[in-house]
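**Student:** Structure, please.
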Amino acid sequence: MVDELELMSRKSYIRKIRSFLIRLIIHLIRNKVEQRLTNSWVASIKGSILEIQDLNLKVKVSKNNYVRDL
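**Tutor:** Residues are numbered from 1 along each chain as shown. Sure thing, here's the model as predicted:
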């Protein structure tokens, strides 16, 4: 039972990180294509990076990072 809960927790972290990575990549691609960067995109990019880093810190207890070098 405990193993199943840990697995569910890991999957939850992975889903959250995936969501932030998708948002981050979309804004980076839009920036490259449109050759401009709006304040809202900057805020979204920074927010995504901070959220991913925060999630990685929470997971660090198990000594595994899901995403490295952001």
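
**Student:** Give the residue spans of this structure that score low on pLDDT.
**Tutor:** Residue ranges of the chain with pLDDT under 70: 1-7, 59-70.

**Student:** All the helices of this protein, residue numbers only.
**Tutor:** Counting by DSSP state H, one finds helices in the chain at the ranges 2-34, 39-59.

**Student:** could I get those as JSON lines with mean neighbour count?
**Tutor:** Backbone N, C-alpha and C define where each C-beta goes, glycine included. As requested, the helices of the chain are exported to JSON lines (neighbours: other CB atoms under 10 Å):
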{"stretch": "helix 2-34", "mean neighbour count": "13"}
{"stretch": "helix 39-59", "mean neighbour count": "14"}
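
**Student:** How far does stretch 33-50 sit from its chain's centre?
**Tutor:** Chain-centre distance of stretch 33-50: 14 Å, with CA atoms, centre = their mean, to the nearest Å.

**Student:** what does stretch 19-39 give?
**Tutor:** Per CA atoms, centre = their mean, the centroid offset for stretch 19-39 relative to its chain is 14 Å.

**Student:** Not counting its own residues, what contacts that stretch?
**Tutor:** Residues from elsewhere that reach stretch 19-39 (CB atoms under 8 Å, 6 or more residues apart in numbering): 41, 44-45, 48-49, 51-52, 55, 67.

**Student:** Just the C-alphas of it, formatted as PDB.
**Tutor:** Taking C-alpha atoms only, stretch 19-39 is exported to PDB below (Å, rounded to 0.1, in the frame of the first residue of the first chain):
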ATOM      1  CA  SER A  19       2.900  20.600 -17.600                       C
ATOM      2  CA  PHE A  20       5.400  23.300 -16.700                       C
ATOM      3  CA  LEU A  21       7.900  22.000 -19.300                       C
ATOM      4  CA  ILE A  22       5.200  22.100 -22.000                       C
ATOM      5  CA  ARG A  23       4.400  25.700 -21.100                       C
ATOM      6  CA  LEU A  24       8.100  26.600 -21.000                       C
ATOM      7  CA  ILE A  25       8.800  25.100 -24.400                       C
ATOM      8  CA  ILE A  26       5.700  26.700 -26.000                       C
ATOM      9  CA  HIS A  27       6.900  30.200 -24.900                       C
ATOM     10  CA  LEU A  28      10.500  29.600 -25.900                       C
ATOM     11  CA  ILE A  29       9.300  28.400 -29.400                       C
ATOM     12  CA  ARG A  30       7.000  31.400 -29.700                       C
ATOM     13  CA  ASN A  31       9.800  33.700 -28.700                       C
ATOM     14  CA  LYS A  32      12.100  32.100 -31.400                       C
ATOM     15  CA  VAL A  33       9.500  32.200 -34.100                       C
ATOM     16  CA  GLU A  34       8.100  35.700 -33.400                       C
ATOM     17  CA  GLN A  35      11.500  37.200 -32.500                       C
ATOM     18  CA  ARG A  36      10.000  39.100 -29.600                       C
ATOM     19  CA  LEU A  37       9.500  38.500 -25.900                       C
ATOM     20  CA  THR A  38       6.500  40.000 -24.000                       C
ATOM     21  CA  ASN A  39       6.500  40.600 -20.300                       C
END
